Each structure stands twice: as structure tokens, then as C-alpha cells.
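Asker: Please work out how this folds:
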Amino acid sequence: RSRGLGDVYKRQIPSSSQHLNCNIEGIGFDTSKNMWVLKTSDTEMNFDVICFAIAPYQISKILLTLTNKQREVLDSIPYASSAIFHFGFKSSQIPNKPNAVGFIVPNREHKHFIACSFVSDKYENRAPNDHILIRAFAGGALQEDQLTIPVQELRNKILNELKSILQIQGEPIIEDYAMWPKSMPQYLSLIHI
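Answerer: You can find the predicted model right below:
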């Protein structure tokens, strides 16, 4: 199994500095110490720098130094939901696969997915030799209503559309899916806080 970049950085951080699965109750700034103060249910920690890797609407709930206006701006950024379906095939099942890393589906095509990528072509070691791993994206800002379809039904619709477009023969030999609610920020305009 390949390790992600996060695993590399994690090994470089002393275990005493790693706090996993902590519920953050608030983050404030202590001007007397010139330090950020992170509060959890059972401890308080000081940091020189805080880096957020979460959505703005989540930041607005824990960053105590925000003004009401700043909080309103962060909370006002709209998000769309998405779902990702993976289908694995033997290469022989897709004899006419295009020489590409994927394709976008225009909304006017009225498909149940918005994009497709050939993960096994984009990244090494994502599928065994002579196999193809396909990732189909559903939902998004223009087709979020697709996510109200029961998962198995949506899976069948997407797979049938992929079979038609790519002339896939047979069923996938492996598959999975993930739903991502409020996962895609919609950058409608520049916002200044």
C-alpha cells in the first residue's frame, strides 16, 4: 500500500505533539503571549501558527477571534455536495478506452454524473497491470438533485451510462463509493473580510 504525503509529515512530527481525534472547542489568540490557544474538552495548547484544513463554515464555529461580520461571510459561502463512484475493470473489458485521463460531462447531456477520470492512468499503482480504475463524480452545484436518488439506483444509472459511452463489457470486478455532503465550495465572487 502506498503512503500518502500526510504519512510522511506525520512521521516527522514527534508523537508528543500529535493530538488525534480531539474535539476542538475553540481557538483564540493570546496577545500577552503572542500565541494561538487551542482548547479541547480536556486540555489547552499553545501554538505559534494555526493552519486550517477544514471548510470555512467549520472555521467560523471554532475561531473565537472572528467578528460577527467575518463569521457571517464564512458561513455565507455556499457548498455543493458530491458522490464519487469507483469501478475497476480488466483492461480487456474496455478495449476502446480513450487515451486520456478522463472527461467532463456537460450538463446538457443529462447524465447522472458530471465527470469521469481514469485513475489508473493518472496515478501509478492505483490498479494492477492490465486493469483500469474509473472514478465517476456525481452531484455538484448543477446536479445536486442526483444525490437524492438511492445509492444503488444512482450507481446503476452511472454504470450504465459509462458502459454506453466507453463500450464497457461486463460488470466491474471491484467498486466502491463515497458521499461527500457540503464538500465543494462555490466561489461565486471575491470576498474580503
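Asker: Could you grab the helix/strand/coil label for the residue sitting furthest away from the middle of the chain?
Answerer: In the chain, the residue that sits farthest from the middle, by Cα atoms, centre = their mean, is Ser32; the gap is 38.2 Å. Look at Ser32: counting by DSSP: H, G, I helix; E, B strand; the rest coil, its state is coil.
Asker: show me what contacts Phe87?
Answerer: 133-134, 136, 159, 162, 172, 174-175 (Cβ atoms under 8 Å, 6 or more residues apart in numbering). C-beta: built from backbone N, CA, C; applies to glycine.
Asker: swap the cut-off to 7 Å and go again
Answerer: Phe87 makes contacts with 134, 159, 172, 175, as judged by Cβ atoms under 7 Å, 6 or more residues apart in numbering.
Asker: Filter those residues down to the buried ones.
Answerer: Using 16 or more other Cβ atoms under 10 Å as the burial test, these include 134, 159, 172 as buried.
Asker: Surely the last one is within a strand?
Answerer: In other words, Pro172. No. Pro172 is assigned coil when assessed by three-state DSSP, not a strand.
Asker: For the nearest residue to it once chain neighbours are set aside, identify the helix or strand it belongs to.
Answerer: Spatial nearest neighbour of Pro172, chain neighbours left out: Phe87 (4.1 Å); criterion: Cβ to Cβ, 6 or more residues apart in numbering. Here Phe87, judged by DSSP states H and E, is contained in strand 79-90.
Asker: Tell me the strands beside that strand, with direction?
Answerer: Strand 79-90 has the following sheet partners, assigned by DSSP bridges: strand 131-139 (antiparallel), strand 174-185 (antiparallel).
Asker: Pull the distance from the last one to the chain's centre.
Answerer: What it means is strand 174-185. On the basis of Cα atoms, centre = their mean, to the nearest Å, strand 174-185 sits 7 Å off its chain's mean C-alpha point.
Asker: Out of the strands paired with strand 79-90, which gets nearest to Ala55?
Answerer: strand 174-185 (6.9 Å; Cβ to Cβ).
Asker: What's the end-to-end length of stretch 51-59?
Answerer: 11 Å (Cα to Cα, to the nearest Å).
Asker: which residues are contacting the longest helix along the chain?
Answerer: In the chain, with assignment by DSSP state H, the single longest helix is helix 151-166. Helix 151-166 has contacts (Cβ under 7 Å, 6+ apart) with 85, 87, 94, 97, 111-113, 116, 134, 136, 138, 146, 168, 177.
Asker: Now that helix: average pLDDT?
Answerer: If you average the pLDDT over helix 151-166, you get 97.
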